[in-house]
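Student: The amino acid sequence is not available; the structure is as follows:
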């Protein structure tokens, strides 16, 4: 403390003061120092000390920066000293921040908000949550006009407050928020929320999404698509949101672009709990084929073998190649070698049946990763002599990927197979024999380079 403050400080501490005295100090030469002394004094009531702080904040003088003095003094106080003034100081700041909703906050209101934010870093968790909550509620009440006001944005305030900011903002979510503001608040909650708060936020956002649809009746599909659905998607780790998104995907009248979008928002979050709903959507003849494919992709994320019966059923589809392909890919990925026999049995058959090259490539890629035991080698050896060209091609691809001497021998037997391969993406006039030639080249390359996959040892036989 500077020496000349000793006498004023003693006189201030020795007399009884009220708010009118503090106001009078603002205009006297020694007034700022007296206000600082009162703010420092632990012998004064917390309310009076807070009033002194507010008087410094409001100091109407050009020769003295009251706000700089205020924060200089606050930094000298211990934690207890700062905490005791918070209730009254907070009430004073909120009084100065008072702004009619729908109107831009005035300079005084913004400066009061910034002062409150600056104080947050000096407080303990409980006091920081209390003051921060008040500041966040003020901003959230009119996000378009207040979220960027002053030196601290809504996001900056939330970071200062920490996880408690999410609790405040969840309770602030309202149907009065425009979609852009709702999306902005949801992003902050997502970044800050602890598990129990995420659950509450998810339910609140689902309720608001439903309310928005009822109010607008499709008037603003762009805002729904751009802001509200992504806000929901942030909480797709919550069951209530996943159920809502899947329900929207299967709701008649919802635009296909939106139906596809909600399934995309589920990516990485699907659990076995959603399996029945997704499988039902994948099998729905009323749903668009591309939507059914997306539903299958979400099914695949569960890696649940319970999906296999449906996947194998969809593999029989002759009319929707993309759906059939996704079902086949997932059947092989989830079922492994055990499902391979059913996979071949369920592929559509018939003379003139076509499979485009990308579909065969996708199946072959997955079959090549399967661990080959004797049963699998026997099955694929039989498929080399199948009536249907696609079975032979898949078997040739598998043996080419192994590249052992035995595999080379198997492949050579089909170099003169003249059966045509039919479907998009294949060269004109392409035959099984030409596919065998490509397979042979790959197998020989593997064999000669020493990277062939060694065959499994044969089981001992009883003689």
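Tutor: Everything's here; your move. Here the structure is a predicted model, which means the values were calculated and not measured. Residues are numbered from 1 along each chain as shown.

Student: Okay, now the unreliable bits of the protein?
Tutor: In the predicted model, the chain carries pLDDT under 70 at residues 1-16, 18-19, 218, 451-463.

Student: switch the cut-off to 50
Tutor: Across the chain, the ranges flagged by pLDDT under 50 are 1-14, 454-463.

Student: could you say which helix or strand contains residue 81?
Tutor: Using DSSP states H and E, residue 81 maps to helix 79-97.

Student: For the helix or strand following that helix, name the packing helices and strands.
Tutor: Next along the chain after helix 79-97, taking DSSP H and E as the criterion, comes helix 107-120. Counting contacts by 3 or more Cβ pairs under 8 Å, 6 or more residues apart in numbering; DSSP states H and E, helix 107-120 is packed against helix 66-76, helix 79-97, helix 125-140, helix 154-161. All C-beta atoms are positioned from the backbone trio N, CA, C, and that covers glycine.

Student: For the stretch 151-300 of the chain, which segments count as helices?
Tutor: Under the criterion DSSP state H, counting those that start in this stretch, helices of the stretch 151-300 of the chain are mapped to 154-161, 164-172, 179-192, 195-216, 221-223, 229-233, 239-249, 256-265, 275-283, 289-300.

Student: so can I have CSV of those showing mean neighbour count and distance to residue 381?
Tutor: What follows is these, written out as CSV (neighbours: other Cβ atoms under 10 Å; distance: least, Cβ to Cβ, whole Å):
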stretch, mean neighbour count, distance to residue 381
helix 154-161, 20, 63
helix 164-172, 22, 60
helix 179-192, 21, 54
helix 195-216, 17, 53
helix 221-223, 13, 56
helix 229-233, 21, 48
helix 239-249, 21, 43
helix 256-265, 18, 40
helix 275-283, 20, 33
helix 289-300, 22, 29
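
Student: ok, now which ones touch the closest residue in space to residue 223 that isn't next to it in sequence?
Tutor: Spatial nearest neighbour of residue 223, excluding adjacent residues (Cβ to Cβ, 6 or more residues apart in numbering): residue 179 at 4.2 Å. Neighbouring residues of residue 179 by Cβ atoms under 8 Å, 6 or more residues apart in numbering: 212, 220, 223-224, 226-228.

Student: ok, now how distant is the nearest residue to residue 244 once chain neighbours are set aside from residue 292?
Tutor: Leaving out its chain neighbours, the residue that sits closest to residue 244 by Cβ to Cβ, 6+ apart is residue 206, at 4.9 Å. According to Cβ to Cβ, to the nearest Å, residue 206 and residue 292 sit 24 Å apart.

Student: count of neighbours near the residue lying closest to residue 42 once chain neighbours are set aside?
Tutor: Among residues not flanking residue 42 along the chain, residue 81 sits closest, at 6.7 Å (Cβ to Cβ, 6+ apart). By other Cβ atoms under 10 Å, the residues close to residue 81 number 18.

Student: ok, residue 81 to residue 59 distance?
Tutor: Distance, residue 81 to residue 59, using Cβ to Cβ: 20 Å.

Student: Find the residue closest to residue 38 in space, skipping its chain neighbours.
Tutor: residue 52 (4.1 Å).

Student: May I see the buried residues of the helix or strand hosting the one you found?
Tutor: Using DSSP H and E, residue 52 sits within helix 46-57. Going by neighbour count (16 or more other Cβ atoms under 10 Å), the buried part of helix 46-57 is 46, 48-57.

Student: swap in stretch 430-439?
Tutor: 431-432, 434-437, 439.

Student: Next: stretch 110-121.
Tutor: Those would be 110-120, for stretch 110-121 by 16+ other Cβ under 10 Å.

Student: Also stretch 137-157?
Tutor: Neighbour counts over stretch 137-157 (16+ other Cβ under 10 Å) mark 138-140, 142-143, 146-147, 149-150, 152-155, 157 as buried.

Student: Next, the angle from the one helix or strand residue 33 maps to to helix 46-57.
Tutor: Here residue 33 sits within helix 31-40, counting by DSSP H and E. With axes from the mean of the first three to the mean of the last three Cα atoms, to 10 degrees as the basis, helix 31-40 and helix 46-57 are set at 150 degrees to each other.

Student: Contacts for helix 31-40 next, please.
Tutor: Contacts for helix 31-40 (Cβ under 8 Å, 6+ apart): 5, 8-9, 12-13, 17, 22, 24-26, 28, 44, 48-49, 52-53, 55-56, 59, 61, 64, 66, 69-70, 73-74, 76-77, 81, 85.

Student: same check, this time on stretch 120-129
Tutor: Here stretch 120-129 has contacts from 74-75, 79, 82-83, 86, 131-132, 135, 157, 160-162, 164, using Cβ under 8 Å, 6+ apart.

Student: Let me know the closest of the residues you listed to residue 353.
Tutor: Distance to residue 353 across the contacts of stretch 120-129 (Cβ to Cβ) is lowest for residue 162, with 61.8 Å.

Student: Residue 63 versus the residue lying closest to residue 24 once chain neighbours are set aside, what's the distance?
Tutor: Leaving aside its sequence neighbours, residue 24 sits nearest to residue 31 (Cβ to Cβ, 6+ apart; 7.3 Å). According to Cβ to Cβ, residue 31 and residue 63 sit 11 Å apart.

Student: out of those two, which sits in the more crowded spot?
Tutor: More neighbours surround residue 31 than the other of residue 31 and residue 63, with 22 against 7 (other Cβ under 10 Å).

Student: Report the separation between that one and residue 23.
Tutor: The gap separating residue 31 from residue 23 is 10 Å, by Cβ to Cβ.

Student: what do you get for residue 42?
Tutor: Residue 42 is 23 Å from residue 23, by Cβ to Cβ.

Student: same question, residue 430
Tutor: To residue 23, residue 430 is 94 Å away according to Cβ to Cβ.

Student: what's the answer for residue 447, then?
Tutor: Relative to residue 23, residue 447 is positioned 96 Å away (Cβ to Cβ).

Student: These two - which one has more neighbours?
Tutor: Set residue 447 next to residue 23 and count neighbours by other Cβ under 10 Å: residue 447 wins out with 16 against 13.

Student: if I pick the more buried one, what's in contact with it?
Tutor: 403-405, 408 are the contacts of residue 447 under Cβ under 8 Å, 6+ apart.
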